[in-house]
Every structure is written in C-alpha cells, then in structure tokens.
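Novice: Could you work out the structure for the sequence below:
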Amino acid sequence: MDLPALALDGSGRPHIAYVDAARGDLKYATHDGVKWSTQTVDSLGSVSGGPDIVVTGTGGIWISYRGANGELKAASWAAGVSGAIGGNAHGRGRAPRALAGTAASATSIQWTWLDNAANELGYRLYGSEISTGPYTLLADTATITAVTGKGTLASFVESGLTANATYYRFVAAVNAGGVSISSLAAAYPFSSVDGTPPSIVVNQAGDTVWRSSNSGLYDVDFSDVGGSGLDYFKVKASTVAGGAGPDLIAFTAVELAIGSNTYTADWSLPTTVWNVLLEGATNYITIEAADGLANAATQVDAFFVLKDTTPPVLIDNQSGDDVVRGSAGTVYDLDARDTGSGFSAFEYSASLIPASADASLIAWTSLGAGLGTTNFLSDWQVDFASLASGVTNYISVRAFDRTGSSTTIVDAFYILKDVDPSSVGITVPTDTYRSSLATLSGTASDPSGVGGVEVSVRRDPPSGLYWNGAGFLSVSRVWIAASGTATWTLSPGIPWQDAVAYEIVARSSDTLGNFAVAYATASFTLDASSPSASVSVPTPLATIGALALISGTASDGGAGVSALEVNLRRNRDGLWWDFSTETWGAVPVSSVTAGTGTWSLTPSAVLQANLEHQTSYFIAVVARDLAVPSLANAFLSVGSTFTFSDTTPPSAITTLSALTGASPGEIELSWTAPGDDADAGTILLGEYRIHYSTVAGTVFSSASAQISISTALASPGRLERYTAGELLSGTTYYLRVFARDDADNWSAISNGATAYALNQPDTTIRGHVMKVSSEGITGVLIEAYDGGNVLLASANSVADGSGTFTLNALPVSAVQTVKVSWIAEEITSSVWLDGIPTGTGGVDFFLEIDYTLAELTGTLGTLAETSASPSGFLLAAKQTNFKQSEIELFQRSRRIATVGVDPAGRWRIGNLLPGKYGVRAFNGFEYTKLQEVELLEGEVKDVSFVFDPLPEGEVFAFPNPARRSTTVRFRSSLPGLEAEIRIFDLAGSLVRQIPGSQMTSTAPGLYHAVWDLKNMNGENAASGVYLFIVKVKGSNGQSAKVVKKLAVVK
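Specialist: Numbers count the residues shown, from 1 in each chain. From the prediction side, this is the model:
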C-alpha cells in the first residue's frame, strides 16, 4: 500500500484510497466492523501522487487523484454507507439548536429541537448512556425526515428506555453538503405513578369586549407537578352558566401533546368554537386540562365571550327632499337597529359632492344614540345653518356597533336650501345713446325659481316723472310687470323723444314673492338725428395726376360720429374698389376711418397703381354715429367726382448691374425698380425690356430689345433680378434696360452694363467595356465615386454592341474612381480605376473573361399569328411604325438596357453575358408583364410576350355613385374585339344589357358605354348597389371578363 488517504463515515467505519505500490493502480478499501473489502478504481497503472477520499453527507464516496501527466481525475459512486459528519463548510446546512428532552412516559423521551436551515434531507439521532460516549446512530434520515422552513420545531419520541435512567443524545442535520451536529442534551424517563391532575389558573375575568372576529387572547395558565407533564387542554361553550349545558359545542382541543410541566402563553379560541358562539349573548367558556397519564381537571365558566359579527342595519324611509327649504325645522325619517352589541355611534354628514360622503360641508355629527342602544327610531333634524344655499346638499348616514363594525348609506337623501335673494339684470338698453327702442329685456335668476320681474321708466332723471302706462305723469315710481322669468321682455309703447334722457329700473321676486334687495338700473339718451359729412380732397370735378390723400369733414349733434366709410367707384364700368382685398368688384367694400371734425384717408400704393389714365372716379362718404342702432347719412348722398390722368413715365433706371452667370451662356442682371410716375407710385401692370449686344457701339432702344419681362405691383426701389440665358459662351455682352408703366409711358435708357458669358464645361466621363478581343459587352454597370466613396453617377454600357458608356453630371474639375461591375452566371465581379478627372474620354475596360456572348431577340409583328397573342397591342404599336415601341432589359430588378423596335417589329439585344434577365415590351401606352429568361453562354433566345386582354384596373364606371347616368370605361388590345356589358341587381336579376354596337372607341384600345340608369323595359332603376360585368373576346380566340360594383343614388 502506498500513499493512503483515509475518511470515516457516519458510523465511524474507515474508507481508504491508496496506490498499489507494485502495479501503480488506484484501489479502495473499507471495513464493515468484521472484515475488510477492496476494489480497483483505476487499473491503468498510471496514478501520479497520492489520492484524496471523501465520504459525503448522503453516504457517497468521492476519490480524486492525478494521472500519469498530472491531469486531475475523479471517481464517485453511491456507496450506501452512513453519511459522514462534517462535509463542505460552504455547502452543509447549519446545525440544529435548542435540543431538549422531555419524559413522555416511564419508558420514552420526546427529543425536540429547532431547525436552523432550509435545505436539509433529514436528521440523525446519536446516543450514549454516558456523556463521554461512544455515541452510536439511533435513527437516520429515513426515520427523522426534514421539516418545512427555517426555525421550525422538530421532534422525535425515543421509546424502549429504562425508567429513571439518564440518556445522552445529540442530533445532526444532513444535506447534500454534509452533516452538522447540535449540542448535547440529557433526559430520563420517569417511573413514579402520577395521580395528580394539572392545575388551571384563570388570570382574567370575563371578556367584556364585544368581538366581531376571533381576535381575543385569554390569560389562563396550566401546570402539572405529578411528573407526567401536560398533555392537552380543551374548551367548550354554552350560553347557560354552570357547565351543565346545553353546550353550543363539546370539548374541543386548543393544544395537544404539550409535553411540558407548564403552559403560560396566552391563547385564542379554536375557530370551530368561535364559529358556534351566539351573537348578542353571553357565551360561557369551560376548560378541561389533562396530563400524560390522563389525569384531568375542569374549570367551569372560566370566562365568557361577547360576540357580534353582524353590522348595524340602517332603514332609509326618507326619499330625496325635493322641496326647497328656506328655514330649519324639517325632520327626516331614517332609522337604525343593532340587535347584538348595540350602537357605539349613529351619525350623519353633509357634502356638496355626490357619491363621496366626504363630510366636507358638515362633519360627521352624532344623532344622540346612547352607548349600547339597539334601536333608534326617532325622526331627526340636520344643522340647517351649516348647509349651503342654492345647491344640492347630499346627506350621508352611518352607524357603528360596539365591535367597531359599521354600516354607511352614502347620499341617503338630499336637501335643497335657498336663503339667497334673487338677482336681476338689464341687457337692453345698455348703450349711452339709442336711436330707437321698442323692447326692454334682461335676465333674472334665483335658486328656487324666479317669480316675476317688474320694470319702472322715468324721463329726465333724477327729478323727472314716471311712466304710468299712459304717459310720464306719475310723481312716484310705477312698476310694470314684464313677460318671462329667467329671461324677460317688456314693450312699453313709449314715444321716446329726441335728445331726452331716460332711466330704466328692474326688480325681481322669487317664487315666494320676496323681492330682490338690489335693483338693476340702465340709463340712455335718445339720438334720432343722422350725422353729416363732406369731401374736400380731391376737389370735386378736378383732374389729378396722383391720389395721395382723401379728406373731408364730419359732425353729429348727439352721440357723435363713430366712423367714416369711404367708397371709391370707377365710373366707366361702375365697379367699386375693395379696400380689403385691394381689387375692383361689383359690391362696395369701404375703408373705415375715424374722425369727428375732420377726417383723412391715405390710399394704398396698390389703389394708386390701379387708377387708369383718363378715367373718371367717384368718392362716396358715409358717416355713422355712436347711437344704437347706428344712424348714417344716405349712401351716395355725399361725395366727390374726379378724373385721373397719367402722363408721367417711369424714371430711367440707373442701377443696372451685370455679372457672369453660374452656368455657361448665362448673365445675371439686377436693378432697382423706378416709380410709375418718375420715382413715385407702384407700377400695377408694367414691362421691362432688355436690349443686349456683343457690339459696344450698338444703338439701344426698347423697340429693339430681345427680352421682355412682365411685371406687376412693382414698387419704387424694389430689387429686380433676371438671368439672361442661351447666350454665346465665352462672349462679352453689352446690356441696357427700359421700364413701361400701365399707361404705356416708357422710361429713358438705363445706365450701361457689361458682362462675360461663361464657357460650357465637360461634366462627363466616357469609355467602353469590352472583352480582350475588343468585343463590346451590353448592360455592364459603371459607377463613379468621389474620394469619400459617395456615389456620384451610374450608367450601363449600351446595347449597340460597342460596350460604350457615358457617366453624366459629374462635378467640374473633380477626380473620381470609376468602377465596373458585371454579373455572369449569377456571380458578380468588379474592377475599378482611380484618379479619373471629369471630362476624360477613352476610359476603356478590357475584361478578361472567356464567355461567348449571348443574344435576346424577337419580332412583335409575328405575335399576331399565334392564337394566344392579342394583336391589339401590336395594332397600337404598328400605327406609329413601332416608333413609340421599345424593349426593356432588367437584371436583378435594375433596368440595364433599352432598345427600339424596327418598322417590321423586329428587335435585338446582343452581346450579353450568360445569366438571368427580365424583359418586357412597351407599345407607347402600356407595358407587357415582365418575363423572366435565362441565357446560356453563346445562346440566341427568341422571346414571346404575354398580354392582359382586359386589365382589371382599366375597368370602371364614372360617376360612381350615379344619379342620372354613368359611363362604363374599359381598355382591351384584343384584335377583332367583341364586347358586351351586363348589369345585374344583388338578387341576380338581369337589369340591362349593352351590346358592343352601342359602345364607342375614343382611342385605340379604349372603349366607352353609357347606361342611362333604365332597365330593359325603359323604367328607371331603383337606388341601390348593382353588379356590372364586362366581357370581351378577340378574333385570336382570347377572351376575358371583369365584375365590379356600381351604386345608384336618386
């Protein structure tokens, strides 16, 4: 044996791992108390160094060792031996605590302990008859299983012992990480005969607290001095004192298997006992206690329990109080009962918020129910003074019994209180001056309703007489009843007099006849005279060259002038100037200006620009006063007629500037606009003319100008700009500008300006993509990138066999990387050239590929000979000799080539690399569907196209919905077309049939048919939804139909 390792199991038996010195094998040996047994663990003869061995807490064996190369190895198996004490300090559970032993009988002891972990597999009990041991295993985890939770009391009764002998024990907790042991405990079983019953000590009187739940704890203690210890105590209940019954429930256990000599903790009644206790009665509790030898003692009526689990009952006999209350004294009928413990409180509260019972208006207030009272049947009042007036007061009620249980009725009823006076107001008149007044009006309000409104009228206040219905004859105030309440009116029939002051007073009353404390008052003066006005500028019948100002005078002897309305009419056509939109129109739209003595209006530049040469105008002025309704002089009764004459041309432009343009052949011009009349006034509709020449000594004139620019609303000093284009690049130009106003007055010649037209730069890169044999390749992608790898332009090599490409719109004076990418047999390849300047030609790429190029071809004209081909498509194409027809070639959804169709309908796309393509045809107004093709190396493939004989998207009715008629439109390219339209209702009945003879063709392949919304009997079709079916058939045998919906609304 070499390098042995030793471990002991839970029974103290050895387990050894060692190396066979002769063979180098790893071996294992164990002793069962009688003999040794061995076995081989590793027979390779390559164990290096000494092994280690561990017995786990669950009785398993683990051996670790190293192989010939020093690698760590391990062997383990479930040996079924007693688990070792100890184990992994980080994995095993915490040791049990508070181990104690109690004599259960003359030959048994109950061992108890507290669990101190949460992951045990169970427990082991070890014992000896002397404290120094040795200790042997008495019970293992199969007998003592784990308990749930940390801190739980665990126990085990050990029997078959000798009376009066002392036994020493410890307990071990076992988990997967090992075994942890408790401290030592000792106990002995008793052997004397115990004939003394336990003692019952009642430390409390009856439970006088009314309880709605089993919440009471009772201070009754127990003790046993006979040696056998307490076993249990039980209780029973009765509503009759003395313990003889009748019982509500028989003796029911509170605690069982106590196992100690005393029990002093307070305890509660079992739920089964609590549940049978009677409400509202005195429940007497009798107690029985017994020891381990069944010696029992009874305490009759140890205490009593008062139970009440039913909350109070509220009886709402009171509906909502809809009577508006103006004073206290109303009583309310809402009763309360509690037949159990009786009331502790009966209360009400008030709130302004419904369904809240928030007691925000009146806090919860007692209604006077005495403590323990079981009925409250008297009607009661609320604190009326604390209620809010003019709103709804929501009253809630609640009652509590002596257990604390309660019942609440939220918003049991409501109270409407009104102690506020009504209010009144006058809405007409409210103005200082009135020009007329037929009806007085106003408003009144009161929470409980308005009873009525009365009005008093006096002239010349404060000392004048009152209106009595016949005249202003009364010295004292006379009240006249108005019509209405919340809104009221009165037509007094008073002949108001001009320039006389009046006073209106109104009062209101509520439904009880109480008048408002505050009255409403309004005063006004009658003004029945219209104001006057005149126009002084422009002078009547004058001829003027400018309308810089319109002015005059206005006056009113009463309320005063509020505004002047100025209107301008053009007499030649009767149109009026709209001062809002600044246009001429058929309806006068005035400009309003203020002024009482004198007034003035400055015409806008747009108005002045709209005055025409040698045209007569009329200014009409209307003055309005401040009275209500406003009075004004008659329209057209005041005004001034004048004639406008424009003979002054715009001034010569002196600010003309010319600069070389941003693009070749362009010159940028700018100048400031002159006035309509010299330097003043806006040119409404004018013109600029620009005369340019490459000869410096040219005689410039507006008549010889090459450029004409219309202008509108050109105000003096406005900056004008114009780009003269299509000039000769690289040439110097001499320029002049002239201005014309709307009276055809031309300005003199402007100052001269000279500028140079820029040369045209080359913004392309050109070249070819070819095989090494110089054979051009079609459809190759060419791209140009800048230094930041941003794509600038892309193109494809053209389909003429040359492989030519052109990259357009590249930055001037820039250098690019040109990249060529091609796809052959679905494999993408690319090459590139760096440093290619813009404007470079002859950028040729020679691709080192060995493919024989392929070709796609076809003849549109031959399709008409096949029965499946609609030659209507071809008919449309042939009408222009295929000039508008073309064939498009796609690769990976990108169009890479387009070729035309020759007059015979023949087309060809050659010099293609092998691979997958898409191809479609266009006849000038519609495309065929994209057709997928795959070209083999060197293949020449003929392509035929498939067309939709009746595209669904081209079939519709308009208008839809229809009221009087509708037109069904469809498109079909079928040759020799036969068409029919049928219209059905939703029940499937045929309503109308339209044959092809009733259809018209407005363009090749486009057809129309009109339905007049009548059926086949000439009767009008009813409103509703209809189905229309369009059916077509061609002479080539192809046919189709489309079904759609149509609505008729009448």
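Novice: Could you give the bridge partners of Ile53?
Specialist: Ile63 (DSSP bridges).
Novice: Surely it touches Ile61?
Specialist: Yes - Ile53 is in contact with Ile61 according to C-beta atoms under 8 Å; the separation is 7.0 Å. Any C-beta I mention is one placed from the backbone N, CA and C, and that applies to glycine too.
Novice: list residues touching both of the two?
Specialist: 15, 28 (C-beta atoms under 8 Å, 6 or more residues apart in numbering).
Novice: For Val900, which non-adjacent residue is spatially closest?
Specialist: Check again: residue 900 is Gly, not Val. Glu886 (5.4 Å; C-beta to C-beta, 6 or more residues apart in numbering).
Novice: check contacts around the one you found.
Specialist: When contacts are counted by C-beta under 8 Å, 6+ apart, Glu886 is found next to 898-901, 921-922.
Novice: And for Val450?
Specialist: 422, 444, 485-486, 508-511.
Novice: Report the buried members of these.
Specialist: The neighbour count (16 or more other C-beta atoms under 10 Å) marks 422, 444, 485, 508-510 as buried among those.
Novice: helix or strand for Phe845, which one?
Specialist: strand 843-847 (DSSP states H and E).
Novice: So what touches that strand?
Specialist: 765-772, 774, 777, 818, 820, 822, 831, 833, 836.
Novice: Buried ones from these, can you make that a ChimeraX selection?
Specialist: The buried subset of these, as determined by 16+ other C-beta under 10 Å, is captured in ChimeraX by this line:
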select :765,766,767,768,769,770,771,777,818,820,822,833,836
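Novice: What confidence value was assigned to Tyr135?
Specialist: Reading off the confidence values, Tyr135 has pLDDT 84.
Novice: Next up, the contacts around the spatially closest residue to it that is not a sequence neighbour.
Specialist: What sits nearest to Tyr135 in space, not counting adjacent residues and going by C-beta to C-beta, 6+ apart, is Tyr126, at 4.3 Å. Tyr126 is in contact with 135-138, 169-172, 181, counting by C-beta under 8 Å, 6+ apart.
Novice: try Arg964
Specialist: Applying C-beta under 8 Å, 6+ apart, the residues near Arg964 are 1012-1013.
Novice: for Thr852, same thing?
Specialist: Taking C-beta under 8 Å, 6+ apart as the test, what Thr852 contacts is 937-938.
Novice: and if you look at Ser448?
Specialist: So Ser448 contacts 324, 326, 416, 418, 510-512 (C-beta under 8 Å, 6+ apart).
Novice: How about Ile415?
Specialist: Here Ile415 is in contact with 321, 325, 330, 350, 382, 387, 392-393, 395 (C-beta under 8 Å, 6+ apart).
Novice: Could you give the bridge partners of the nearest residue to Val695 once chain neighbours are set aside?
Specialist: Using C-beta to C-beta, 6+ apart and skipping residues adjacent in sequence, the residue nearest Val695 is Tyr734, 7.2 Å away. Per DSSP bridges, the residues bridged to Tyr734 are Ser693, Thr754.
Novice: Surely Tyr734 touches Ala696?
Specialist: Yes - with contact defined as C-beta under 8 Å, Tyr734 and Ala696 form a contacting pair (5.5 Å).
Novice: neighbour count winner among those two?
Specialist: Legend: neighbour count by other C-beta atoms under 10 Å for Tyr734 and Ala696, higher for Tyr734 (18 against 9).
Novice: got the contact list for the more buried one?
Specialist: Contacts of Tyr734 by C-beta under 8 Å, 6+ apart are 692-696, 698, 752-754.
Novice: Out of the residues you listed, which two sit at the greatest distance?
Specialist: Pairwise distances across those peak at 14.8 Å for Val695 and Ala753 (criterion: C-beta to C-beta).
Novice: what's the neighbour count on Ser637?
Specialist: Counted with other C-beta under 10 Å, the neighbours of Ser637 add up to 13.
Novice: I'd like the average pLDDT over stretch 482-489.
Specialist: Stretch 482-489 carries an average pLDDT of 95.
Novice: picking that back up, now secondary structure and distance to Asp942 too, for the contacts of Val450, in a markdown table please.
Specialist: Below are these laid out as a markdown table (DSSP: H, G, I helix; E, B strand; the rest coil; distance: C-beta to C-beta, whole Å):
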| residue | secondary structure | distance to Asp942 |
| --- | --- | --- |
| Ser422 | coil | 102 |
| Ala444 | strand | 99 |
| Thr485 | coil | 98 |
| Ala486 | coil | 93 |
| Ser508 | strand | 103 |
| Ser509 | strand | 107 |
| Asp510 | strand | 104 |
| Thr511 | coil | 103 |
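Novice: What is the nearest of the residues you listed to Ala809?
Specialist: Ala486 (78.2 Å).
Novice: Arg325 versus the closest one, what's the distance?
Specialist: For Ala486, the distance to Arg325 (C-beta to C-beta, to the nearest Å) stands at 22 Å.
Novice: How about His768?
Specialist: Relative to Arg325, His768 is positioned 107 Å away (C-beta to C-beta).
Novice: Next: Thr374.
Specialist: Per C-beta to C-beta, Thr374 is found 32 Å from Arg325.
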